[in-house]
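>>> Below are the sequence and a predicted model for it; my questions follow.
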Amino acid sequence: MVVNATMAAMAKHGAAQKPELHVYQVASSVVNPLSYQDLVRLFYDYFTSFPCKDSKGRSVHVSRMKLFSSMDDFSSHLQTDVIQRSREVVSNGKLSKKDEYLFQKLTDQAKHLANIYEPYTFYGGRFDNTNTEMLMEDMSEEERRSFGFDAKSIDWKEYFSKIHIPGLRRHVMKGRGMY
């Protein structure tokens, strides 16, 4: 889509002899938004329908992901969850130093990853694609079909269930978990 929009913009502005700056956003956040909640649901639905397999060929159960509205909510949940899980591990009510270290390391790692991904998971920005919409309006129907960069046309369920996730399984996971 981005390459096609770039070619369409070049065709429109390339012949002009006056230098101008035109910004074209190929973005769906305004015209066809996909919320993080919807994305998580699509992954859950996919892996419920097409589960990964363990080394014995058994389906791996996926649980619904708990989403948080802020980092504070996540941190609070993490602390509570770690305490609860640590109690499940010990029989005498006291963690060994090794287990304490392991739980602390896992907690720190989860917080570190949460901090890395915070800008993406709690990001509320939207990208204005008005210029891109106007570029498409200036094109003929045939050109719009040929160039195909209208973000409104993305069917998120179709994309994730038929293209994105199967591609991840095939090319990134390289078949692992598909015994």
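Noted; the coordinates are in hand.

>>> ok, the residue nearest the centre of the chain to Glu133 distance?
Per CA atoms, centre = their mean, the C-alpha nearest to the average position across the chain is that of Leu39, at 6.3 Å. Counting by CB to CB, to the nearest Å, the gap from Leu39 to Glu133 is 24 Å. The way it works is simple: take the backbone N, C-alpha and C, and place the C-beta from them, glycine included.

>>> what about the protein, any weak spots by pLDDT?
91-93, 177-179 (pLDDT under 70).

>>> Okay, helices next: where are they in it?
2-13, 36-49, 71-89, 97-121, 130-137, 141-147, 156-159, 165-167 (DSSP state H).

>>> list the contacts for the closest residue to Ala5 other than its chain neighbours?
Leaving aside its sequence neighbours, Ala5 sits nearest to Phe149 (CB to CB, 6 or more residues apart in numbering; 4.2 Å). Applying CB atoms under 8 Å, 6 or more residues apart in numbering, one finds that Phe149 lies in contact with 1-2, 4-5, 8, 26, 132, 136.

>>> Restrict these to the buried ones and give me that as a ChimeraX selection.
Here is the ChimeraX command that selects the buried residues among the contacts of Phe149 (16 or more other CB atoms under 10 Å):
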select :1,5,8,26,132,136
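
>>> so which pair among the contacts of Phe149 is furthest apart in space?
The two members of those with the most space between them (CB to CB) are Val2 and Met136, at 14.0 Å.

>>> What values do phi and psi take at Phe50?
phi -130, psi 70 (degrees, to the nearest 10).

>>> next one: Ala16
The phi/psi pair for Ala16 (degrees, to the nearest 10) is phi -70, psi 140.

>>> State the distance from it to Thr107.
57 Å.

>>> Give me the more crowded residue out of those two.
Thr107 (17 against 9; other CB atoms under 10 Å).

>>> Pretty sure the more buried one sits against Thr80.
No - counting by CB atoms under 8 Å, Thr80 is not a contact partner of Thr107; they are 11.3 Å apart.

>>> thinking again about what came up before, need the contacts of Phe149 in CSV (columns: distance to Ser96).
As requested, the contacts of Phe149 are exported to CSV (distance: CB to CB, whole Å):
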residue, distance to Ser96
Met1, 54
Val2, 53
Asn4, 59
Ala5, 58
Ala8, 64
Val26, 54
Thr132, 59
Met136, 63
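
>>> List just the nearest of the contacts of Phe149 to Tyr44.
Met1 (26.3 Å).

>>> circling back: would you check how far apart the residue nearest to Ala5 and Met136 are?
Counting by CB to CB, the gap from Phe149 to Met136 is 8 Å.

>>> Overlap of the contact sets of those two?
Ala8.

>>> What about Phe160, how many residues nearby?
21.
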